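J.: Sequence and predicted structure, then a few things I'm wondering about:
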Amino acid sequence: MSYTITSMTVDDAERCAELERALFAGDGPWTAQAFVSELAGSHNHYFVAREPDGRVLGYAGVALLGAPPNIEAEVHTIGTDPGAQRRGIGGALLDALLALADDRGADVFLEVRTDNEPAIALYRREGFEIVGTRKKYYQPSGADAFTMRRPAVGVRKNEEQQA
């Protein structure tokens, strides 16, 4: 399957909301308007995985918060069309988010359902560690979430050298 990672546009919002409904029906899926609002924030950066015909297969977004040297990145969302999962799209989208964080030397935080084993495995492969649990984080389902953190690239390199 061929796809490219590009910046999300307002025109992608309805398709991303459609995917949200398919992926997160029990956890308050985002609306098209929510995506449009996120795109308007100068600190937010959103990407889509796009087939050659333009169809959106997945999406991801991150907020870069704070000012140097105290910048943090917060992954807001990542989703892949159920029919296109297990093909590297989620990893490619995450790579796009992490590249932005790495460029700014930011720690990266995210929340993930405690029962989402494929996502947790992906995040662990990218250097994330569980740092806490948020009880009943997802609504209306009441599912718990792990908070995960990936240290800034410079910090990770120092930790690896000391190990």
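T.: Arrived safely. Not measured: the values here are computed from a predicted model.
J.: contacting residues for residue 133?
T.: By CB atoms under 8 Å, 6 or more residues apart in numbering, the contact list for residue 133 reads 114, 144-147. Just so you know, the C-beta spots here come from the backbone N, C-alpha and C atoms, and that holds for glycine as well.
J.: Now rank those by neighbours and give me the top one.
T.: Counting neighbours by other CB atoms under 10 Å, residue 146 leads the contacts of residue 133 with 22 neighbours.
J.: Which of the helices or strands spans that one?
T.: Assigned by DSSP states H and E, residue 146 belongs to strand 145-150.
J.: elements contacting that strand?
T.: Packing contacts for strand 145-150, counted by 3 or more CB pairs under 8 Å, 6 or more residues apart in numbering; DSSP states H and E, involve strand 107-113, helix 117-125, strand 129-134.
J.: will you turn the ones you listed into TSV that also has mean pLDDT?
T.: Shown next, in TSV, are those (pLDDT from 0 to 100):
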stretch	mean pLDDT
strand 107-113	96
helix 117-125	94
strand 129-134	96
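J.: Let's have the ones you listed in TSV, adding distance to residue 97.
T.: Shown next, in TSV, are the helices and strands packed on strand 145-150 (distance: least, CB to CB, whole Å):
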stretch	distance to residue 97
strand 107-113	8
helix 117-125	11
strand 129-134	17
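J.: Out of these, which is closest to residue 56?
T.: Nearest of the helices and strands packed on strand 145-150 to residue 56, taken as CB to CB: helix 117-125 at 19.0 Å.
J.: what's the angle from the closest one to strand 107-113?
T.: 160 degrees (axes from the mean of the first three to the mean of the last three CA atoms, to 10 degrees).
J.: For helix 117-125, which residues meet the burial criterion?
T.: 119-120, 122-123 (16 or more other CB atoms under 10 Å).
J.: How many residues are close by residue 26?
T.: Count around residue 26 with other CB under 10 Å applied: 11.
J.: what about it, distance to residue 139?
T.: Distance of residue 26 to residue 139, given as CB to CB, to the nearest Å: 9 Å.
J.: Residue 76 is nearest to which of the helices and strands packed on strand 145-150?
T.: Closest among the helices and strands packed on strand 145-150, using CB to CB: strand 107-113, at 8.4 Å.
J.: Could you write out the alpha-carbon coordinates of that closest one in PDB?
T.: Below are the C-alpha coordinates for strand 107-113, written out as PDB (Å, rounded to 0.1, in the frame of the first residue of the first chain):
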ATOM      1  CA  ASP A 107       9.800  15.600  26.000                       C
ATOM      2  CA  VAL A 108       6.700  13.900  24.500                       C
ATOM      3  CA  PHE A 109       3.600  12.900  26.500                       C
ATOM      4  CA  LEU A 110       0.500  11.000  25.500                       C
ATOM      5  CA  GLU A 111      -2.400   9.000  26.900                       C
ATOM      6  CA  VAL A 112      -3.400   5.600  25.600                       C
ATOM      7  CA  ARG A 113      -6.100   3.200  26.700                       C
END
